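In: Let me see the structure of the following:
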Amino acid sequence: MYFILNPNAIEYTFTMSKHIEKLKKQLMEISEVVNAFKSEAVQVRVIDRLLDAMAETEKNEAEGAELFIKKGRKLRPDDDQSFGRKKPGATKVLNQLLNTDYFNSRHSISAIADYCKEHYDSDFKTSELSGILLKLAKENKLRRERSHDNNRFEYVKA
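Out: All right, here's what the predicted structure looks like:
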């Protein structure tokens, strides 16, 4: 039994690859060698190893290109963060807030989100903050209390 490489099937399998044409050409070149093996299991192993090697090579090339792109990144004038660093996540910002006197008074989730936007330049949705605030309340770092005015939860230091 021969292992026949179908370029159309290969194209479908590697649609995400940027180098489909190069890959098809390489596979057509090796198909004669692969088909020389009589055992289908050997053919599959050979193709598997070749594809692994090609994927590793492509990955290394992509990492090199990514490194090149990152080094050439220009900062926008309004980008006040140091090079290569992204903004801190909601958990980190809320933990920083815990170390300040912010939670000495009660705050709603929307007030906390507004404060984070103003003082930490972090635009969090209330849905991003709610789970973290609940976790902090369960860890007894914050207390979660219902507001008498609007029946919504507010958070204060425990």
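
In: dump the residue contacts of residue 105.
Out: Counting by Cβ atoms under 8 Å, 6 or more residues apart in numbering, residue 105 touches residue 156. All C-beta atoms are positioned from the backbone trio N, CA, C, and that covers glycine.

In: Tell me the confidence at it?
Out: With respect to pLDDT, residue 105 has a value of 93.

In: ok, now the one 3 residues further on?
Out: The pLDDT attached to residue 108 in the predicted structure is 93.

In: That one against residue 156, yeah?
Out: No: here residue 108 lies out of contact with residue 156, judged by Cβ atoms under 8 Å, at a distance of 10.9 Å.

In: Count the residues that sit near residue 142.
Out: Residues lying near residue 142 (other Cβ atoms under 10 Å) number 23.

In: Any idea how many residues pack against residue 113?
Out: There are 21 residues near residue 113, going by other Cβ under 10 Å.

In: Going forward, the N-terminal residue is numbered 146.
Out: Okay, residue one is now 146; in that scheme the one you just asked about reads as residue 258.

In: Can you give me the distance of it to residue 287?
Out: Note on residue 258: its distance to residue 287, by Cβ to Cβ, to the nearest Å, is 15 Å.

In: ok, for residue 300, nearest residue in space, not its chain neighbours?
Out: residue 287 (4.8 Å; Cβ to Cβ, 6 or more residues apart in numbering).

In: residues in contact with the one you found?
Out: Going by Cβ under 8 Å, 6+ apart, residue 287 touches 243, 248, 278, 281, 300, 301, 302, 303.
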